[in-house]
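1. have a look at this fold, sequence not included:
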């Protein structure tokens, strides 16, 4: 277990370094931040002073080297636009994205597993078929379109829910969250549904396929023969076994929900890290873009590790030392 | 990603359609009568008024702070914290300051606060775009008494009052030593501790990316402000910003997308206000290089060094058609670099008439009877409909024989390429921050000169000693009438030499819910002070 962990961490560090170099060189190739940042009224002397202060007059390899040396010490650079450390800027915005992803995840899992189980147990019933047809819709609807349609129906026409932005927040252990106010939740609902729809469809499919496979297994037949109640058979024996693929996929998808909620956040003006990324790309705020992508890689590595560890808890047949080999 | 964002913008169209269908339903405003919520296309990057010289930042600080001098909706100078000012001699200015004004924390305002503010400008850490461009002409400052300030400049500087109108006055008593070091830190302004001004609204809350909340300053020297509470919400995507207005989440939005304007105007629950801005959209041509990169079929010659070719290009473009068909009427065809009526604009100039036959004739005279091939550079996300305008220009030019293709790119890439002279002709825009003619003349057509700060954006490298001389002279002339005349003459020289081709002036729009009125500003600032209850 320990050897496995160490090996995995070593691989992760390598991935981080390679990623850092690729991203840094990639963003270096796009535009010149000074042209976007500085007031057009500024004269040539002023422009050159700014270029020198941001260190943009130095050659690429020197900028890259400085970045790597600082990154090892935990300093991912200072935002060109906001003048504060890029990492701090991202961490400030992270709670908003996390709560959005969390609510979306809860929606996707609860709705998805329930409907998937249902469809798997009664594959030929009308409801089972409708669930499967509905999930195709969930896969195919583009995110931004769905978001706009939800705004159109619930905000503009019915005026039940706000069209965007984050609601009232409260401080919880020093983190601002909108999960505990009514206003906050009403702002959260539409973006969370938008973000959750695709994942819900995914979970439905996984849960249905898993259920159909598992109900034919010997241990389920045996449990039935033993006289266990149908609900115990379904909610203990079947449910636990279909969760393995669901947890794997949802774990990976959680990473993508946090890192790439970009479209949803843009449509709903949600002040999370996705919107920060878009604004930073538009303004060529290089340090923030690089720090963001570094953090994304880091989150993915952590989540994959956690998923591997969770396997062993759900399924005793999986041994981590084998997984690492 | 761009495509997705564009699709978001397209969605606004759909929203508009549905709203039009439902125009019978009354809108439910969520805000109270004296609360105002404004949806912003771009948010300020800081509340430190000296941190980033950028339109959203400057629009934001006007609420909390005051300048020594203020600019009204047409960018004419008005008394602010100074009630009067006059030059004593060529390089000395006297400012009479307003008495009895206090900052939001109760500290009194006097000349020391102004001196402290101006001394802080060069000492703002990490400023992406510094305000020093407005202060570097200042040689010394002296408080003759608490309410009389003397400022000496190194050379005659007629624009000093205009430049000072861009600086927010902060309180010396409050800020000195407040952040530990020598000068107050930007973070302490963003957190609200030092966001203490003399302006009409007080700081309440600032969460980047989410909201900026201000409350009324009941003791404001300029009279009681209209709104109890003002909330700004950044909503950068066009479609969602329009949706927020239609759903009653916000009361006012800036920059409603042009394609939605007709529908918003037709909606009786929405008011649309538009006003001419100080921004001109122009074509610049490489008039420097012999072998210019974007031209083919001229045997290596650069056609734009010939005035006849530049004139032909100007005559080939139907500016009125561009304004009507592409800008949806929300623009005004331009004859020079600043709209008539603003300081230094020549009232005698007229918009170039559309004359394709004349253009062909001029091209033939210049030795290009069969035209040539040209690449026109343009950004596609910087100005209103920038790429579409460039496409239209390309078609007009192709009609007279200059076969033009458009090379459009995102603004960050475009500006880099333009600044490294990769285009023989490019489309761009210029907003006059000072609200008068010397700004576009100095930046766009004066011969580049680092010492004098000329030609910073003259990427066509146009150079005309007669124009330079007029600008030099104007910038030495303290007498307003004399300076205006010189600027008008310089504008006249440039336009008649076809050194740069103005296309149109942008018109900025704001949309409000029913019951509100918005007074458009030429500087394109979105401001709660411009919003009033409609009668």
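-> In hand now; what should we look at? It should be emphasised that the depicted structure is a prediction, and the values quoted were computed from it without experimental measurement.
2. show the average pLDDT along the helix or strand encompassing residue B:112.
-> Using DSSP states H and E, residue B:112 sits in helix B:111-120. Average pLDDT, helix B:111-120: 96.
3. helices and strands around the one helix or strand residue B:506 maps to, which ones?
-> Using DSSP H and E, residue B:506 maps to strand B:501-513. Contacts defined by 3 or more Cβ pairs under 8 Å, 6 or more residues apart in numbering or on different chains; DSSP states H and E place strand B:501-513 against helix B:238-246, strand B:252-254, strand B:270-285, helix B:307-316, strand B:331-333. For the C-beta atoms, the positions are set from N, CA and C on the backbone; glycine is no exception.
4. a markdown table for these, including mean pLDDT, mean neighbour count and distance to chain A?
-> Output for the helices and strands packed on strand B:501-513, formatted as a markdown table (pLDDT from 0 to 100; neighbours: other Cβ atoms under 10 Å in any protein chain shown; distance: least, Cβ to the nearest Cβ, whole Å):
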| stretch | mean pLDDT | mean neighbour count | distance to chain A |
| --- | --- | --- | --- |
| helix B:238-246 | 92 | 29 | 4 |
| strand B:252-254 | 95 | 25 | 11 |
| strand B:270-285 | 94 | 22 | 11 |
| helix B:307-316 | 96 | 23 | 23 |
| strand B:331-333 | 95 | 22 | 20 |
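5. out of the ones you listed, which gets nearest to residue B:136?
-> Closest approach to residue B:136 among the helices and strands packed on strand B:501-513 (Cβ to Cβ): strand B:270-285, 22.8 Å.
6. okay, now the residue of the stretch 251-400 of chain B found nearest chain A: neighbour count?
-> Taking Cβ to the nearest Cβ, chain A has its nearest neighbour within the stretch 251-400 of chain B at residue B:381, 7.9 Å off. The tally of other residues near residue B:381 (other Cβ atoms under 10 Å in any protein chain shown) stands at 16.
7. buried residues in the next helix or strand after the helix holding residue B:112?
-> Sequence-wise, the next helix or strand downstream of helix B:111-120 (DSSP H and E) is helix B:132-135. Of the residues in helix B:132-135, B:132-135 count as buried by neighbour count, 16 or more other Cβ atoms under 10 Å in any protein chain shown.
8. same question for stretch B:420-433.
-> Under the neighbour-count criterion of 16+ other Cβ under 10 Å, stretch B:420-433 has B:421-433 buried.
9. and the strand holding residue B:506, which strands flank it?
-> Within its sheet, strand B:501-513 is paired with strand B:252-254 (antiparallel), strand B:270-285 (antiparallel), strand B:331-333 (antiparallel), according to DSSP bridges.
10. returning to what we had before: between the buried residues of helix B:132-135, which is nearest residue A:139?
-> Using Cβ to Cβ, residue B:133 comes nearest to residue A:139 of these, at 53.7 Å.
11. coming back round to it: and the helices and strands packed on strand B:501-513: which comes nearest residue A:32?
-> Residue A:32 lies closest to strand B:270-285 among the helices and strands packed on strand B:501-513, at 18.4 Å (Cβ to Cβ).
12. what angle do the closest one and helix B:238-246 make?
-> Comparing the axes of strand B:270-285 and helix B:238-246 via axes from the mean of the first three to the mean of the last three Cα atoms, to 10 degrees yields an angle of 150 degrees.
13. elements contacting whichever helix or strand comes after strand B:270-285?
-> The C-terminal neighbour of strand B:270-285 among helices and strands, as given by DSSP H and E, is strand B:295-296. Judged by 3+ Cβ pairs under 8 Å, 6+ apart, the packing partners of strand B:295-296 are strand B:373-379.
14. the closest residue in space to residue A:293 that isn't next to it in sequence: neighbour count?
-> Among residues not flanking residue A:293 along the chain, residue A:23 sits closest, at 4.9 Å (Cβ to Cβ, 6 or more residues apart in numbering or on different chains). If you count neighbours by other Cβ under 10 Å, residue A:23 ends up with 20.
15. next up, the contacts around residue A:23.
-> A:289-290, A:293-294 (Cβ atoms under 8 Å, 6 or more residues apart in numbering or on different chains).
16. what subset of the residues you listed is buried?
-> A:289-290, A:293-294.
17. after the strand holding residue B:506, which helix or strand is next?
-> That would be, after strand B:501-513 and using DSSP H and E, strand B:516-518.
18. how far does that following strand sit from the chain's center?
-> The chain centroid and the centroid of strand B:516-518 are separated by 21 Å under Cα atoms, centre = their mean, to the nearest Å.
19. now do it: which elements does it pack against?
-> strand B:270-285, strand B:531-533.
20. to residue B:181, which of the ones you listed lies closest?
-> Of all these, strand B:270-285 comes closest under Cβ to Cβ, at 37.2 Å.
21. quick one, that closest one and strand B:373-379 angle?
-> Relative orientation of strand B:270-285 and strand B:373-379, computed by the same axes, to 10 degrees: 140 degrees.
22. and the angle from strand B:270-285 to helix B:307-316?
-> Interaxial angle of strand B:270-285 relative to helix B:307-316 (the same axes, to 10 degrees): 160 degrees.
23. can you give me how far strand B:270-285 is from the chain middle?
-> With Cα atoms, centre = their mean as the basis, strand B:270-285 stands 9 Å off its chain's centre.
24. ok, now stretch B:201-219?
-> With Cα atoms, centre = their mean, you get 24 Å for stretch B:201-219.
25. again, but for stretch B:442-461
-> 18 Å.
26. check stretch B:161-179 too.
-> On Cα atoms, centre = their mean, the centre of stretch B:161-179 falls 23 Å from the chain's centre.
27. same check on stretch B:362-379?
-> In terms of Cα atoms, centre = their mean, the centre of stretch B:362-379 is found 31 Å from the chain centre.
28. from chain A, how far out is the residue lying closest to residue B:274 once chain neighbours are set aside?
-> Distance criterion Cβ to Cβ, 6+ apart; nearest residue to residue B:274, sequence neighbours excluded, is residue B:509 at 4.4 Å. Taking Cβ to the nearest Cβ, to the nearest Å as the criterion, residue B:509 is separated from chain A by 20 Å.
29. now do the contacts for residue B:509.
-> If you count contacts by Cβ under 8 Å, 6+ apart, residue B:509 has them with B:254-256, B:261, B:272-274, B:330, B:520.
30. repeat that for residue A:42.
-> Residue A:42 neighbours (Cβ under 8 Å, 6+ apart): A:50, B:53, B:129-130, B:133, B:456.
31. what does residue A:299 give?
-> A:255, A:258-259.
32. SS state for it?
-> Under DSSP: H, G, I helix; E, B strand; the rest coil, residue A:299 falls in the helix class.
33. in the sheet, which residues pair with the most centrally placed residue in chain B? Tell me.
-> Residue closest to the average C-alpha location in chain B (Cα atoms, centre = their mean): residue B:431, at 3.9 Å. Bridge pairing for residue B:431 (DSSP bridges) gives the partners residue B:279.
34. what pLDDT does residue 173 get?
-> Reading this off chain A. 74.
35. wait, chain B was what I had in mind.
-> We note a pLDDT of 93 for residue B:173 in this prediction.
36. skipping adjacent residues, who's closest to it in space?
-> Computed as Cβ to Cβ, 6+ apart, the closest residue to residue B:173 that is not its neighbour in sequence is residue B:107, at 4.3 Å.
37. my guess is that neighbour contacts residue B:175. True?
-> No: look at residue B:107 against residue B:175 with Cβ atoms under 8 Å: they stay out of range, at 9.7 Å.
38. thinking again about what came up before, need the helices and strands packed on strand B:501-513 in JSON lines (columns: distance to residue B:362).
-> Listed next are the helices and strands packed on strand B:501-513 as JSON lines, based on distance: least, Cβ to Cβ, whole Å:
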{"stretch": "helix B:238-246", "distance to residue B:362": "41"}
{"stretch": "strand B:252-254", "distance to residue B:362": "42"}
{"stretch": "strand B:270-285", "distance to residue B:362": "14"}
{"stretch": "helix B:307-316", "distance to residue B:362": "4"}
{"stretch": "strand B:331-333", "distance to residue B:362": "21"}
